[in-house]
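[1] got a structure for you, letters missing:
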């Protein structure tokens, strides 16, 4: 078992480097992929869509550390991401900091906040933990939406504080640079998460997921390890948020909502929980799907259907929800298992 | 008792275990356990802590997935849902009593009523007059001994053909144990019983047959008196000595 | 003073809605350990069913009678939908708790989008009897009748649920099942039938809540129930999972806190205050106010 895993690691690294290289080249290609993207791959619109897919992939990887590896079903992972988005932007807008220091200060702040919130939420476990984290995230979401302190811009959100962003990341012409930043962040997140999950702490995380009582019997305090996973995942999510801010050129209230957390859950389950690259693929596919499903939804094929059918089918979330239900029922391990089966069949034949 | 039930054929065993295998998570708890439980007798299931006694009972009831065969009066129990198994006429008195602590004594008993069978309240209250006095009391506020009586009463309310009783004396004071055993012997009568018991003295008093498990395997199966007579054997198998 | 009474009665009405949504959640969780994230969609389903009845059933001229019919039809639809949800979907995933939650996530997303696709995202206002808009004087305060009606229906549902749990055999099995489903099985009882029933009853209560919610919030929109679901979760955790009385207490605490803070401090802060209340309860009693064991 162990031997096989080691032999697999080299190949994984090779695949990983190849994939990252391919993704890095993507914005320079003049290819058009009809049906999925409107313009050629090098057009700013397409780069932005794929870039968002990369940010979601990083976010999904951070969530997988928490949910897939440690087994903590958080329904509030949108919170650190949204804090990363809003925190970075607010620091630039209000205190005139530059982008990079603002992002770093935000990251540190989110880590501190998540230590406190994690300590409270981890007093419960299982489903109650899900509810409590949901409540935390939702309270921030309400704060943003109702905006009693006139800080968050309510439903409209806040436009990016462009003047504090480095020249290289400004404007439509430079979206390629933001794309590469997002890609580097994804690679970094992946490496950090991989390092963490294969470390001694990572093995404890998996042991907690399988049987927490046994971890306690071994004389370890599961609470400390769970908190560590919670804080690490939150920090990575905040970083992803800071890049999302650049890509969509603003902070939008949508990323604070419970729906967004549920979307995250969909990403990880879509890819395959407990497998980092599965989560990454899930996040990437989801990011592109949601942005592109609306194109399918408004297509002529759907419009020509009777109203009672066309109505629901023109709702991306309806299609997504149904796909998700089918996925849970018939492919519990996510896309990764599909891939595993395919590889297995190829090997046998 | 003038109950109309099919009289058991005493020559046939009521319960037969064949190659019972049970995993709990990744642990292989029972390794091919086989033994028979003779009709109308009390069979004691003995062994040290954690050898698989309770697991055997849970598997019998379908509360744990198991492989092999458990045949009850000719019906294979493996794969049947638990409530169907119980309706065949099997009463269960779990370890730690497991009364419904938020429900009253009366409600606990009412829950045990089975469709198409006349509940034997007179018998139960005659055996445990304490319970009759405390009908309205919440079960969670009963003493340990009273909870054990309630747990037994639930199993005795129906004319069951088989009783699975798990450590009824655990954690009870000696005087309570004495009363309980007396009531139990009276109530059981001709019913077939599988009794899990740590206290060999109690087991020797009520059981005629003994099955000893060790690390998920049967290491002894035979008359109780044979086990009691050979204190060397008992000591080796059970890790206890009979004073 | 009169404002205080109005705020209080409004808070009590909201507490009624929270209770209707949360009691089903609490029972479903208590019995089966399933967190039903599609429960808010059942609330929405009730609201849309009531709207359809009010809109289409023009044969019944009296709007008061039509509203009663709408409430009953919504309750029946909610009962059926809850039962079908358990039978057709949740049941397939026995013993896979996380997958069950995930399934309800997908179902919730799909149903809300379905409502949006069929009826649009703007709130649909329920055609109401004129009596609803009139006021009754309570201790000098002018209280809209609709608030009193919501309170009354919620109280009746609470009483009915308690009677059902306390006096019927189904209720007995459910209460026992919340404590220890395996022991219930070992007594020869088919607990799975209760699972379906609890889902159905929970769906019915949520749909009643949705009908009243369409009145309370001046219209029904696709995500109305799902938006309330977060507060229903808070209510369940504060009250203690599986305890109906705890849910009622939690609903009162959450709704009143929310109303008072929103009115006397600042709009939006009430919702945040509720989360602090939740954190406070978790620090002192992780199992909830009337819960027996930590979930």
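    Cool, got the structure. Small disclaimer: the values here were computed from a predicted structure and weren't measured.
[2] which stretches of the chain have low pLDDT?
    Unless you meant another one, I'm taking chain A. For chain A, residues meeting the criterion pLDDT under 70 lie at A:1-10, A:34-36, A:38, A:292-305, A:307-308, A:311, A:349.
[3] wrong one, I was asking about chain B
    For chain B, the ranges with pLDDT under 70 are B:1-11, B:239-243.
[4] which residues in it form helices?
    B:53-60, B:82-87, B:105-112, B:121-127, B:129-133, B:144-156, B:174-188, B:200-206, B:224-229, B:231-238 (DSSP state H).
[5] can you list those helices in a markdown table and add distance to residue C:70 and mean neighbour count?
    To be clear about C-beta, it is placed using only N, CA and C from the backbone, and glycine gets the same treatment. Converted to a markdown table, the helices of chain B look like this (distance: least, Cβ to Cβ, whole Å; neighbours: other Cβ atoms under 10 Å in any protein chain shown):
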| stretch | distance to residue C:70 | mean neighbour count |
| --- | --- | --- |
| helix B:53-60 | 49 | 24 |
| helix B:82-87 | 39 | 21 |
| helix B:105-112 | 37 | 22 |
| helix B:121-127 | 47 | 16 |
| helix B:129-133 | 50 | 15 |
| helix B:144-156 | 45 | 23 |
| helix B:174-188 | 57 | 15 |
| helix B:200-206 | 65 | 18 |
| helix B:224-229 | 70 | 17 |
| helix B:231-238 | 70 | 16 |
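[6] chain A is nearest to which of the ones you listed?
    Proximity to chain A (Cβ to the nearest Cβ) singles out helix B:53-60 among the helices of chain B, at 17.4 Å.
[7] starting at the chain centroid, how far to that closest one?
    Helix B:53-60 has its C-alpha centroid displaced from the chain centroid by 10 Å (Cα atoms, centre = their mean, to the nearest Å).
[8] and it, what does it pack against?
    Here helix B:53-60 touches strand B:13-24, strand B:27-38, strand B:42-46, strand B:66-72, strand B:162-166, strand B:192-196, going by 3 or more Cβ pairs under 8 Å, 6 or more residues apart in numbering or on different chains; DSSP states H and E.
[9] neighbouring strands for the fifth one, and are they parallel or not?
    According to DSSP bridges, strand B:162-166 forms sheet pairs with strand B:90-93 (parallel), strand B:192-196 (parallel).
[10] give me the distance from the last one to the chain's centre.
    Put simply, strand B:192-196 sits 4 Å off its chain's centre (Cα atoms, centre = their mean).
[11] what angle do that strand and strand B:27-38 make?
    150 degrees (axes from the mean of the first three to the mean of the last three Cα atoms, to 10 degrees).
[12] circling back to that earlier point, so can I have CSV of the helices and strands packed on helix B:53-60 showing distance to residue B:102 and mean neighbour count?
    CSV is the format used below for the helices and strands packed on helix B:53-60 (distance: least, Cβ to Cβ, whole Å; neighbours: other Cβ under 10 Å):
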stretch, distance to residue B:102, mean neighbour count
strand B:13-24, 28, 18
strand B:27-38, 31, 18
strand B:42-46, 31, 26
strand B:66-72, 31, 18
strand B:162-166, 22, 24
strand B:192-196, 27, 24
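[13] what stretches of chain C score poorly on pLDDT?
    For chain C (pLDDT under 70), the answer is C:292-295.
[14] up against chain B, what does it have?
    Within chain C, the positions lying close to chain B (Cβ under 8 Å from any Cβ of the partner chain) are C:169, C:172-173, C:175-176, C:179-180, C:182-191, C:292.
[15] would you write a PyMOL line that selects the buried entries of these?
    Buried members of these can be picked out in PyMOL with the line below, counting by 16 or more other Cβ atoms under 10 Å in any protein chain shown:
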select buried, chain C and resi 172+173+175+176+179+182+183+184+185+186+187+188+189+191+292
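[16] can you tell me which of the residues of chain C next to chain B are in helices?
    Those of the residues of chain C next to chain B lying in helices (DSSP H): C:169, C:172, C:173, C:175, C:176, C:179, C:182, C:183, C:184, C:185, C:186, C:191.
[17] so of these, which two are at opposite extremes in space?
    C:169 and C:182 (19.0 Å; Cβ to Cβ).
[18] please see if the host helix or strand of residue A:88 touches chain C.
    Per DSSP states H and E, residue A:88 falls inside helix A:78-95. No: contact of helix A:78-95 with chain C (Cβ under 8 Å from any Cβ) is absent, the minimum separation being 11.4 Å.
[19] show me what contacts residue C:82?
    C:24, C:42, C:199, C:200, C:201, C:202, C:203, C:204, C:206 (Cβ atoms under 8 Å, 6 or more residues apart in numbering or on different chains).
[20] mind listing what the residue nearest to it when sequence neighbours are not counted touches?
    In this structure, residue C:82 finds its nearest non-sequential neighbour in residue C:203, 2.1 Å apart by Cβ to Cβ, 6 or more residues apart in numbering or on different chains. If a contact means Cβ under 8 Å, 6+ apart, then residue C:203 has C:24, C:42, C:78, C:79, C:80, C:81, C:82, C:83, C:85 as its contacts.
[21] just residue A:68 next, same as before
    A:268, A:273, A:274, A:275, A:276, A:279.
[22] assign the second one to helix, strand or coil.
    What it means is residue A:273. Following DSSP: H, G, I helix; E, B strand; the rest coil, the label given to residue A:273 is coil.
[23] and it, how far from chain B?
    According to Cβ to the nearest Cβ, to the nearest Å, residue A:273 stands 20 Å off from chain B.
[24] I figured residue C:181 hits residue C:190, correct?
    No: contact between residue C:181 and residue C:190 fails when scored by Cβ atoms under 8 Å: they sit 11.0 Å apart.
[25] skipping adjacent residues, who's closest to the residue of chain B found nearest chain A in space?
    Distances between chain B and chain A by Cβ to the nearest Cβ are smallest at residue B:25, namely 7.4 Å. In space, and not counting its chain neighbours, residue B:25 is closest to residue A:211: 7.4 Å by Cβ to Cβ, 6+ apart.
[26] can you tell me the closest non-neighbouring residue to residue B:59?
    residue B:66 (4.0 Å).
[27] so how far is residue A:326 from the one you found?
    32 Å (Cβ to Cβ, to the nearest Å).
[28] swap in residue A:68?
    For residue A:68 relative to residue A:326 (Cβ to Cβ), the value is 20 Å.
[29] buried stuff in the helix or strand encompassing residue A:100?
    When secondary structure is defined by DSSP H and E, residue A:100 falls within helix A:99-121. Neighbour counts using 16+ other Cβ under 10 Å place A:99, A:102, A:103, A:106, A:107, A:110, A:113, A:114, A:117, A:118, A:120, A:121 of helix A:99-121 among the buried residues.
[30] contact partners of it?
    Here helix A:99-121 has contacts from A:74, A:76, A:79-80, A:83-84, A:87-89, A:91-92, A:95, A:97, A:129, A:132-133, A:136, A:164-166, A:169, A:226-227, A:230-231, A:234-235, A:237-239, A:242, A:246, C:279, C:282-283, using Cβ under 8 Å, 6+ apart.
[31] out of the residues you listed, name the ones that lie in helices.
    A:79-80, A:83-84, A:87-89, A:91-92, A:95, A:129, A:132-133, A:136, A:226-227, A:230-231, A:234-235, A:237-239, A:242, A:246, C:279, C:282-283.
[32] from those, keep the buried residues only.
    For the ones in helices among the contacts of helix A:99-121, buried by 16+ other Cβ under 10 Å: A:79-80, A:83-84, A:87-89, A:91-92, A:129, A:132-133, A:136, A:226-227, A:230-231, A:234-235, A:237-239, A:242, A:246, C:279, C:282.
[33] now residue C:159: how far from chain A?
    For residue C:159, the distance to chain A equals 27 Å [Cβ to the nearest Cβ].
[34] now residue B:26, what are its backbone angles?
    phi -100, psi 0 (degrees, to the nearest 10).
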